[in-house]
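1. let's see this in three dimensions:
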Amino acid sequence: MNPNPEVDLYLEQGCMRCRFGGTPDCKVHRWEDTLKALRAILLSSGLTEEVKWRQPCYTHQGRNLVIMSAFKEYCALNFLKGGLIEDRHGFLEKPGEHTQTGRQMRFRSADEVKASEAAIRDYIQQAVEIERVGKAAPPREAPELPMPDELLRKFDEMPELRRAFESLTPGRRRAYLLHFSAPKQSKTRAARVEKCIPMILEGKGLYDR
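-> Residues are numbered from 1 along each chain as shown. Here you go, the predicted structure:
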């Protein structure tokens, strides 16, 4: 694919996302040779080069596959569905503890890029195939909410209520917990729990009719 002039500008000036953009202190300049080596591989893999979120983004048939980024300690390829890629080479890392699908491949020199070229191309091919077959990331599971003390006390009084509550679907449990926890006063929370007991025992959700 043809190089995008906007990416040429990115390599010359930086991403312009902070006050160092356009100055010699921009992180892009720190990794310029490494980024250029990565760019050559990405372009030769048949991907379309664009700029999104002020960073080089490589797409296939309009689908975003990988973003090239510069950080203080390294530069990286960010595979947007990297969690679905089979990491046969052991290079993919989670950018953050709570990241679900995105994965990074990190580099600190052009020599590292050259040594990892086969792995990079494998990941790119897998990313293209993931989009071709329409494979999607699993839905993000909402974290379990804490149970208010008023509900826990009622569970101690009524073990059958606890069993009924735990038998509800996750969405129904979450709706009840949000409803019970919303009031600031314990008296109001307790009243809400009391009012919903018959529905919970019947296996109904808060909004069921």
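2. how about the strands in this protein?
-> 48-52, 55-60, 63-70, 75-79, 103-107 (DSSP state E).
3. need the winner for burial among those strands.
-> strand 75-79 (a mean of 24; mean count of other CB atoms under 10 Å). All C-beta atoms are positioned from the backbone trio N, CA, C, and that covers glycine.
4. so what strands line up beside it?
-> Sheet partners assigned to strand 75-79 using DSSP bridges are listed as strand 63-70 (antiparallel), strand 103-107 (antiparallel).
5. for Ala127, which of those is the nearest?
-> strand 63-70 (4.5 Å; CB to CB).
6. on that earlier part again, make CSV from the strands of the chain and add mean pLDDT and distance to Ala40 to it.
-> Shown next, in CSV, are those (pLDDT from 0 to 100; distance: least, CB to CB, whole Å):
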stretch, mean pLDDT, distance to Ala40
strand 48-52, 96, 11
strand 55-60, 96, 12
strand 63-70, 96, 11
strand 75-79, 97, 13
strand 103-107, 97, 13
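7. turn these into CSV, columns for distance to Val133.
-> Compiled in CSV, these are given as follows (distance: least, CB to CB, whole Å):
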stretch, distance to Val133
strand 48-52, 19
strand 55-60, 13
strand 63-70, 12
strand 75-79, 16
strand 103-107, 19
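8. as TSV, the strands paired with strand 75-79 with distance to Gly96 would be great.
-> Converted to TSV, these look like this (distance: least, CB to CB, whole Å):
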stretch	distance to Gly96
strand 63-70	13
strand 103-107	10
